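Asks: Quick one: sequence plus predicted model below, questions after.
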Amino acid sequence: MKRRNLLLLLILSFTLLVLPNGLYSAFDKDEPKYLEAAYEMVKSGDYITPHYNYEYRFDKPILIYWLIALGYKIFGVNTFGGRFFVSLCGVLTVLLLYWWLCRWKSERFAFWSSLVLLSLLDFIVMSSVAMPDIVLTFFITASLIFFFEGYHRKNRNYYRLAFLFSGLATLTKGPVGLVLPGLVAVVYLILRRDLIKTLKEIPWFSGLGIYLAVVLPWYGAILYKHGYQFFRDFIIFHNIHRFVGKIPGHPTEWWYYLANYFWLYLPFSLIFPFAVYYLFKRKRILADTILEFSTVWFFTVVLFFQIAHTKLAHYLLPSFPPFAVITTWYLFNLKERISLYLTAFLFTTLALAGGVFWMLKHWPLIGLLFLIPPLVGMWWAVWTKDALKPITAGFLTGMFLFKWVTLPSLEPLRAKPFIGKEVAELKERCSKCRVVFLDFSSPEIVFYYRKGKLSDLNVKTVEKLLESKTPVLVITRENRLKKLKGVRFFKIDERRELLTKHSIVVISNYPKERFYGKG
């Protein structure tokens, strides 16, 4: 039974998170930056310094770029290759949770907790894009699980594994890879009144040696190569300032996570508050070691990022494994039915609103198929005594349809990837052409262009280029064209964006026939 469940989890997670990743293009704005930076890394052979659009990119440490680049080496420079090892971290997180819970709980509990984790909406989303958050989540999850194993089994090797994965987390997203699991561990030990004793048992010398062996080579190399510029951009700005200050384009409102909670943890977002209430009301935390650790893990992560001034929804991903554990425990012992009625009402409302929005956009109706299984599963859960199976099965089926059917059906309507590929083709036809943005920039277009740097120029500079004899291709939004006054240009192409009212246009100082011929 254990091998069969493990194999089933592997097949389900791999089929949902990894295999369909070549069916849809990169998503603006962050993912294409990582994909392009890894491409430029492979192209230049510089595996120390990340570049995006041929400029330094010190936003994140190196490991995410190495993983994407490795995918390119194996599968080619495409979204499937770029996402492969990132998505694999999502698969490994599911399997690791199953392994851990099998050691402390029943196999059935481990299996369904892992399925609950796999079915969480933002876990699926972030496991399907080439970004560092799911990689960080896997390493932090591994670090915390091995700390737990080391503490409760009095095994120093598990502590060493915790340091190893904390080092990999630090190499993925910076100091948070050490601070966050360390904070969870400290809070857990304080609550158990076992902090001082445990600190003496941890193999600090070998553990920190492993951590530094993972972290120091790249951090030392990048600091040696770029010195204060890297320290200023990465440590001061992207770590310290993100935690205590405001980053342009990033929300800081105290209610941000509360406002995003419902979609982040779908389909169990309305069930979880009842689980927490039931957990504390019945004082079950004290009687179950796994529940105790999972509760500390979840709330420490959430409070840590709530305190941080800069907030983004996917920052909460490391809280998803304990969320799955607590939710599964509650659904195994479900008493109140009101949480199911509220969730069924929420699903019905979202499905109706989504259907209306979809039809108003005139998108392919086949893309709406993904809404049916979650609705059926949710209302089935209302009428059955075993709510866990229909909710999980319904939502997972819906997500399979979303990734395998819905996203591919929308792919022909996505303007930016098309424009990026089209401009790359035009550059092939006209090697002397200069290609630029006008008061606009798109990482998707940059990634699919791949013919050199795309500069974002102001109106006066673009006007001079359009008046020159050198062929130029200008990419912008249609509402920027009115800024070009008294300058003659030709519209090469125009594509309507999928979600906005705007169109992406390509203009030139030469007619379309100059690039495609009169035919």
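Replies: Received it, and whenever you're ready, just let me know what you need. Bear in mind the structure is a predicted one, so any value in this text is a computation, not a measurement.

Asks: quick one: the helices in the stretch 251-400 of the chain?
Replies: In the stretch 251-400 of the chain, the segments counted as helices under DSSP state H, counting those that start in this stretch are 256-264, 272-281, 289-307, 320-332, 338-360, 372-383, 388-401.

Asks: Please name the residues that touch the closest residue to residue 27 other than its chain neighbours.
Replies: On the basis of CB to CB, 6 or more residues apart in numbering, the spatially nearest residue to residue 27 that is not a chain neighbour turns out to be residue 129, at 6.0 Å. Glycine gets a C-beta too; all of them are placed from N, C-alpha and C. Taking CB atoms under 8 Å, 6 or more residues apart in numbering as the criterion, residue 129 is in contact with 26, 27, 31, 83, 86.

Asks: Give me the three-state assignment for residue 129.
Replies: Reduced to three states with DSSP: H, G, I helix; E, B strand; the rest coil, the structure at residue 129 is coil.

Asks: Give me the pLDDT for residue 257.
Replies: Residue-level confidence at residue 257 comes out at 88, pLDDT.

Asks: neighbours around it, how many?
Replies: Residue 257 sits with 18 neighbouring residues when counted by other CB atoms under 10 Å.

Asks: Helix or strand: which one has the residue nearest to residue 490 when sequence neighbours are not counted?
Replies: Distances taken as CB to CB, 6+ apart place residue 511 nearest to residue 490, at 4.6 Å, with adjacent residues excluded. Taking DSSP states H and E as the definition, one finds residue 511 inside no helix or strand.

Asks: now do residue 469
Replies: Secondary structure (DSSP H and E) places residue 469 outside all helices and strands.

Asks: I'd like the distance between it and residue 434.
Replies: Counting by CB to CB, to the nearest Å, the separation of residue 469 from residue 434 is 12 Å.

Asks: Pick out whichever of these two has more residues nearby.
Replies: Neighbours per residue (other CB under 10 Å) separate residue 469 from residue 434, with residue 434 holding more: 15 against 7.

Asks: Least confident secondary structure element in the chain?
Replies: Using mean pLDDT, DSSP states H and E, the weakest-scoring helix or strand in the chain turns out to be helix 242-244, at a mean of 59.

Asks: quick revisit: out of the helices of the stretch 251-400 of the chain, which is closest to residue 151?
Replies: helix 289-307 (9.2 Å; CB to CB).

Asks: Assign residue 474 to helix, strand or coil.
Replies: Taking three-state DSSP as the rule, one finds residue 474 in the strand state.

Asks: Kindly report the same for residue 456.
Replies: Classification of residue 456 by three-state DSSP places it in strand.

Asks: and residue 408, that one's in a strand?
Replies: No. With the criterion set as three-state DSSP, the secondary structure at residue 408 is helix rather than a strand.

Asks: Quick one: residues contacting it.
Replies: Applying CB under 8 Å, 6+ apart to residue 408 gives the contacts 23, 24.

Asks: chain center to stretch 8-16: distance?
Replies: 18 Å (CA atoms, centre = their mean, to the nearest Å).

Asks: Could I get the buried residue list for that stretch?
Replies: Applying a neighbour-count criterion of 16 or more other CB atoms under 10 Å, one finds 9, 12, 13, 16 buried in stretch 8-16.

Asks: any idea how far the first one is from residue 298?
Replies: Right, the one you point to is residue 9. Computed as CB to CB, the residue 9 to residue 298 distance reads 22 Å.

Asks: taking the contacts of residue 129 one by one, which sit in helices?
Replies: When helices are assigned by DSSP state H, the members of the contacts of residue 129 inside them are 31, 83, 86.

Asks: export these to a markdown table and tack on pLDDT and distance to residue 116?
Replies: Formatted as a markdown table, those follow (pLDDT from 0 to 100; distance: CB to CB, whole Å):
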| residue | pLDDT | distance to residue 116 |
| --- | --- | --- |
| 31 | 96 | 26 |
| 83 | 98 | 23 |
| 86 | 98 | 22 |
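
Asks: wait, doesn't the residue nearest to residue 490 sit right on residue 491?
Replies: No. Residue 511 is not in contact with residue 491 according to CB atoms under 8 Å; the separation is 9.5 Å.

Asks: returning to what we had before: and which of the contacts of residue 129 is nearest residue 233?
Replies: Relative to residue 233, and with distances defined as CB to CB, the nearest of these is residue 31, at 20.6 Å.

Asks: List the contacts of that closest one.
Replies: For residue 31, the contacting residues are 129, 130, 131, 443, by CB under 8 Å, 6+ apart.

Asks: cutoff 6 Å now
Replies: When contacts are counted by CB atoms under 6 Å, 6 or more residues apart in numbering, residue 31 is found next to 129, 130, 131.

Asks: Quick check: the spatially most central residue of the chain vs residue 303, distance?
Replies: The structure's the chain has its C-alpha centroid closest to residue 126; by CA atoms, centre = their mean the separation is 2.8 Å. Here the criterion is CB to CB. By it, residue 126 lies 21 Å from residue 303.

Asks: same question for stretch 58-76, mean pLDDT?
Replies: Per-residue scores along stretch 58-76 average to 95.

Asks: Can you give the distance of that stretch from its chain's centre?
Replies: Its chain's C-alpha centre and that of stretch 58-76 lie 15 Å apart, by CA atoms, centre = their mean.

Asks: Going by neighbour count, list what's buried in it.
Replies: Applying a neighbour-count criterion of 16+ other CB under 10 Å, the buried positions in stretch 58-76 are 58-72, 75.

Asks: And for stretch 288-299?
Replies: Neighbour counts over stretch 288-299 (16+ other CB under 10 Å) mark 288, 290, 291, 292, 293, 294, 295, 296, 297, 298, 299 as buried.

Asks: List the contacts of that stretch.
Replies: Applying CB under 6 Å, 6+ apart, the external contacts of stretch 288-299 come out as 104, 105, 148, 184, 187, 188, 285, 319, 322, 323, 325, 326.

Asks: any idea how far the last one lies from residue 278?
Replies: For residue 326, the distance to residue 278 equals 10 Å [CB to CB].

Asks: Regarding the residue nearest to residue 233 when sequence neighbours are not counted, what is its secondary structure?
Replies: Nearest residue to residue 233, sequence neighbours excluded (CB to CB, 6+ apart): residue 58, at 3.9 Å. Here residue 58 takes the coil state, with states given by three-state DSSP.
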